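Novice: return a 3D structure for these sequence lines:
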Amino acid sequence: MADHADHEHHPHGEEEEGRVTSPMQEFTTGQAGIGAAVLLVGLAVTFGLPLLF
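Specialist: I've put the predicted structure just below:
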């Protein structure tokens, strides 16, 4: 039977400094505006077009 006492396979002390995940990245107001516009177009296509037909 394998020894399961050492269950920490990925120690947290050796994390890469250069890696940044998306929620931690900064974004500009312009990028947020583009995201909002894409959201509105998507909602219009999803809910607006079916109401026309």
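
Novice: can you report phi and psi for residue 25?
Specialist: Dihedral angles of residue 25 (phi, psi; degrees, to the nearest 10) stand at phi -80, psi 140.

Novice: that one: neighbouring residues, count only.
Specialist: Neighbour count for residue 25, taken as other Cβ atoms under 10 Å: 7. Every residue, glycine included, has its C-beta placed from N, CA and C.

Novice: which ones are touching it?
Specialist: Listed by Cβ atoms under 8 Å, 6 or more residues apart in numbering, residue 25 has no contact partners.

Novice: next one: it from residue 37, what distance?
Specialist: Separation of residue 25 from residue 37 (Cβ to Cβ, to the nearest Å) stands at 20 Å.

Novice: SS state for residue 19?
Specialist: coil (DSSP: H, G, I helix; E, B strand; the rest coil).

Novice: how far away is it from residue 29?
Specialist: 26 Å.

Novice: swap in residue 47?
Specialist: When residue 47 is compared with residue 29 (using Cβ to Cβ), they lie 27 Å apart.

Novice: for residue 28, grab the count of nearby residues.
Specialist: Quick note: residue 28 (other Cβ under 10 Å) scores 8 neighbours.
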